[in-house]
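# Model the structure of this input:
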Amino acid sequence: GAGGVGTGVLLCPTALGGPGRCRPGRSSPSWAPPLDFSFCNISTIEDLLQTQPRSGPVPPGLPPPALRLNNNQLGGLGELPPTLRALRLDPTLLRWLDLSFNRLRHIHPVLSTLGALQSLQLHGNDIGELGEVDKLGVLPQLRRLTLHGNPMEELRGYRSYVLSQLSHLTSLDFSAVTKQDREDAAIAQRGKKKGGGPGRRAAPLAP
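Predicted coordinates:
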């Protein structure tokens with residue numbers, strides 16, 4: 001966070017005056033803050049290797065369990081694992097990932113390889129097909145997910161479908177999963193088994 005004595009590391013410029021001005025980074029001997037590349041105007045994953053994180057360099061021997069890539073221009077994630085390894089961050093240990101407010105049109109299959117992921121933020125992108133969430137079903141520890149602000153949110157049955165495919169979630173779109181949500185998801189799952197498929201590119205709901 002802000003305050004305290006900084007290291008003097010020059011951090012990346014924020015894009016268009018986004019929240020959280022660039023500041024010197026600092027590290028703690030007992031914990032690592034999220035590796036923060038938010039508001040850095042990054043358009044490809046490989047750009048991370050040429051950008052100084054706003055949180056400062058990764059402390060030796062203390063890789064952070066969280067990564068902020070929100071509010072950038074990312075349209076793909078294909079090189080995420082090797083890039084993270086180059087940044088001394090083990091992708092198999094990543095627990096929290098913020099990809100909100102980028103230009104993602106699909107949930108990239110690479111996300112399904114992040115087996116320790118517990119929280120994933122994808123809101124404010126351009127993901128239009130409900131079936132995209134199926135790719136996340138292989139993440140056994142995923143508990144918190146955000147998808148609001150994507151075109152798929154406008155599809156009827158959106159919340160029930162997501163929860164029918166990801167029954168281990170405890171929070172969706174920053175809203176706790178309720179007993180009623182579970183019941184609606186069970187109904188959606190039975191409907192899918194009878195032959196109903198997920199919605200494709202979202203169309204606005206009728207009034």
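
# Longest helix of this protein, counting residues only.
The longest helix of the chain (DSSP state H) is helix 179-193.

# quick one: buried residues of that helix?
For helix 179-193, burial by neighbour count (16 or more other CB atoms under 10 Å) applies to 181, 184, 185, 188. Yep, even glycine has a C-beta here, placed from its N, CA and C like the rest.

# Also stretch 70-83?
Residues of stretch 70-83 classed as buried by neighbour count (16+ other CB under 10 Å): 70, 71, 72, 74, 76, 77, 80, 81, 83.

# For those residues, give me TSV that also has pLDDT, distance to residue 166 and secondary structure.
What follows is the buried residues of stretch 70-83, written out as TSV (pLDDT from 0 to 100; distance: CB to CB, whole Å; DSSP: H, G, I helix; E, B strand; the rest coil):
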residue	pLDDT	distance to residue 166	secondary structure
70	98	21	coil
71	98	25	coil
72	98	25	coil
74	98	22	coil
76	96	23	coil
77	96	19	coil
80	96	20	helix
81	95	22	helix
83	96	26	helix
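
# Next, give me the two most distant ones among these.
71 and 81 (22.2 Å; CB to CB).

# what ranges do the helices span in the protein?
80-86, 158-165, 179-193.

# orientation of the second one relative to helix 179-193 in degrees?
Right, helix 158-165. Using axes from the mean of the first three to the mean of the last three CA atoms, to 10 degrees, the inter-axis angle of helix 158-165 relative to helix 179-193 is 80 degrees.

# Pull out the buried residues from helix 158-165.
Under the neighbour-count criterion of 16+ other CB under 10 Å, helix 158-165 has 158, 159, 160, 161, 162, 163, 164, 165 buried.
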